[in-house]
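In: Structure of the sequence below:
(one chain, ligands or ions: 1)
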Amino acid sequence: MSAADISSVREVNFDGLVGPTHNYSGLAVGNVASMSHGGLVSNPKEGALQGLLKMKSLMDAGYAQGVLPPQQRPDIGALRDLGFSGSNGEVLARASKEAPQLLRAVCSASSMWTANAGTITPSIDAPDSRVHFTPANLQSSFHRYLEPQTTGCVLKAIFRDEQHFCHHPVLPATPAFSDEGAANHTRLCGEHGEPGVHLFVYGRQAFGDVRSGEREPKHYPARQTLEASQAVARQHGLTEAQTVFAQQHPDAIDAGVFHNDVIAVGNGPVLLYHEMAFLDEEGTLDELRTKMASPLIPVRVPLEAVSMEDAVASYLFNSQLLSNPDGTMTLVVPGECQEREAVWRTIQDYLLAGNNPISEVVVKDVKQSMRNGGGPACLRLRVVLTEAERAALSGRVLLTNALYTDLTAWVERHYRVRLAPDDLADPQLAEESLAALDELTQLLKIGPVYPFQLG
Ligand code: SUG
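Out: Sure, this is the predicted structure:
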């Protein structure tokens, strides 16, 4: 890669649009917010507009911002696969009566959390100098297991140019290869255009002897396996020198940290993490330091400053850490961080006042998503791209003022302001949703990606 190419490299945050069926169904075991808000009435329109406002304000601040469409929900095809038959209305009515938990699952708008869409390796780190993609199988829960097929179609529609982009198959959807994507993957480097080291964090090991010192959570599931992370790294051609595999602390998982991105966030050389993030904290940092070409800047938040309860409730570590041209960093935190005194104090007195590149904190209201356990960092998939790769994108997916205006008007036209669990069986909701998505694919110019469009 030429020097010009390297300096043109930018991180693009692709945020997931909140879908028209966004609701609170309490579907995610081990995710405290989802479990405690199940049954609440949601406001899909407000959720989508909150997400769009976050995207717009980051675009206005000069960060590269992309957008990914939601999925086709309700997934009536999934209900048919499970034996429900008849017209769409009959399928929905029967599922609502006989298996309401299945109906709730096929209506989930969980694809908004694009940090779980897949794992991406930038071309700078790949042996063939292409950007590599693996959609996550999300096999730990039924509602999320329904996502990877359409995710793969969407990624292939946008990153279509084979000269620049390479797509890998989803890992086998079985517990041994349980994969939740970029939420458990952090690339650390100097500048974005310099070679990176890939930190893969897993919750359990599926095969072989458990490594000495390893433990597993007792209450909540570990969603990422070592074997899944290793397979993704292999698919992308990453070598041992470019990878670090670290076990997540099992006590953190039991406290509600269902992904690493609920307790750590990294960008460039900075790794902001809670002391309970890794089972072997020192070993993980040492290995990163040895393998990275630039010095690692660890920013450790101790338990005495932020309790696990505060970390999980505030989502401080699910913030977006964004690089600025002058070498400083901006932390985009959810509004909930202001509601917890210890967290807000830590941000002011420790993060902002500390000896680290974080120089600004920006607060965003993404409450509709937060009530389901999705903060600012869950809502985005980071893709590091050169200028040539950005130019090779298909579709109208990089946010501009015009696209923001179009998407906001689209949400205003199609979305409901109130969705209670009982509304999910309404066949009208399914029709509204399809009409909205059909229009969206035209607006984004990505061609057909949904089952109802592909036939
Ligand atoms: O998989 N919540 C999602 C939240 C994912 C957040 N992503 C990251 N941390 N990267 C999950 O637990 C809740 C759906 C419901 O209960 O209706 C849900 O799926």
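
In: So which residue of the chain lies furthest out from the middle?
Out: Distance from the centre of the chain peaks at Gly86, with 35.3 Å (C-alpha atoms, centre = their mean).

In: Quick one: classify it as helix, strand or coil.
Out: Here Gly86 is recorded as coil under DSSP: H, G, I helix; E, B strand; the rest coil.

In: so who does it touch?
Out: Arg94 (C-beta atoms under 8 Å, 6 or more residues apart in numbering). The C-beta positions use only the backbone N, C-alpha and C, and glycine is treated the same way.

In: Strands of the stretch 251-400 of the chain, start to end?
Out: Assigned by DSSP state E, counting those that start in this stretch, the strands in the stretch 251-400 of the chain fall at 264-267, 270-274, 297-301, 320-323, 329-334, 358-364, 380-385.

In: repeat for the stretch 1-150 of the chain
Out: Under the criterion DSSP E, counting those that start in this stretch, strands of the stretch 1-150 of the chain are mapped to 10-16, 64-68, 118-121, 131-135.

In: Contacts only, for whichever residue of the stretch 201-350 of the chain sits closest to the ligand.
Out: At 4.0 Å from the ligand, His259 is the closest residue in the stretch 201-350 of the chain, using C-beta to the nearest ligand atom. Residues near His259 by C-beta under 8 Å, 6+ apart: Ala115, Asn116, Glu180, Ala183, Asn184, Arg223, Gln224, Cys378.

In: Report the closest residue of the stretch 351-455 of the chain relative to the ligand.
Out: The stretch 351-455 of the chain approaches the ligand most closely through Cys378 (3.4 Å), counting by C-beta to the nearest ligand atom.

In: any idea what sits nearest Phe14, other than its immediate chain neighbours?
Out: Gly66 (3.9 Å; C-beta to C-beta, 6 or more residues apart in numbering).

In: Same question for Lys54.
Out: Lys54 sits nearest to Lys364 (C-beta to C-beta, 6+ apart), 4.9 Å away.

In: in the sheet, who's paired with the one you found?
Out: Beta-bridge pairing for Lys364 (DSSP bridges): Pro334.

In: give me every residue that touches the closest residue to Val257 other than its chain neighbours.
Out: Spatial nearest neighbour of Val257, excluding adjacent residues (C-beta to C-beta, 6+ apart): Ile263 at 4.7 Å. Contact analysis of Ile263 by C-beta under 8 Å, 6+ apart lists Gln248, Ala252, Val257, Tyr273, His274, Met276, Ala277, Ala311, Phe317.

In: Now do the contacts for the residue of the stretch 151-300 of the chain found nearest the ligand.
Out: Proximity of the stretch 151-300 of the chain to the ligand (C-beta to the nearest ligand atom) peaks at Ala183, 3.4 Å away. The contact partners of Ala183, taken as C-beta under 8 Å, 6+ apart, are Trp113, Ala115, Asn116, His259, Asn260, Asp261, Cys378.

In: three-state assignment of Leu199?
Out: With three-state DSSP as the criterion, Leu199 reads strand.

In: what's across from it in the sheet?
Out: Going by DSSP bridges, Leu199 forms beta bridges with Thr186, Val244.

In: what about Val343, how many residues close to it?
Out: Residues near Val343, counting by other C-beta atoms under 10 Å, number 23.

In: hang on, isn't it packed against Ser307?
Out: No. Counting by C-beta atoms under 8 Å, Val343 stays clear of Ser307, with 9.4 Å between them.

In: For the stretch 301-450 of the chain, which residues are neighbours of the ligand?
Out: Proximity of the stretch 301-450 of the chain to the ligand (C-beta under 6 Å from any ligand atom) is limited to residues Asn372, Gly373, Gly374, Cys378.

In: How many residues are close by the residue in the stretch 1-150 of the chain positioned nearest to the ligand?
Out: Relative to the ligand, the nearest point of the stretch 1-150 of the chain is Ala28 (3.1 Å; C-beta to the nearest ligand atom). By other C-beta under 10 Å, 24 other residues sit near Ala28.

In: Enumerate every residue touching the residue nearest to Leu272 when sequence neighbours are not counted.
Out: What sits nearest to Leu272 in space, not counting adjacent residues and going by C-beta to C-beta, 6+ apart, is Val299, at 4.4 Å. The contact partners of Val299, by C-beta under 8 Å, 6+ apart, come to Val270, Leu271, Leu272, Tyr273, Leu351, Gly354, Asn356, Ile358.

In: Show the pLDDT at the first one.
Out: So that's Val270. We note a pLDDT of 98 for Val270 in this prediction.

In: Could you find the closest non-adjacent residue to it?
Out: Closest to Val270 by C-beta to C-beta, 6+ apart is Ile297, at 4.7 Å.

In: hang on, isn't that neighbour packed against Leu272?
Out: No. Using C-beta under 8 Å as the test, Ile297 is too far from Leu272 to be in contact (9.2 Å).

In: Of these two, which one has the most company?
Out: Taking other C-beta under 10 Å, Ile297 and Leu272 do not tie; Leu272 has more neighbours (24 against 17).

In: Any idea how far apart the tips of stretch 21-36 sit?
Out: Start and end residues of stretch 21-36 are separated by 19 Å (C-alpha to C-alpha, to the nearest Å).

In: What mean pLDDT does that stretch get?
Out: In the prediction, stretch 21-36 has an average pLDDT of 95.
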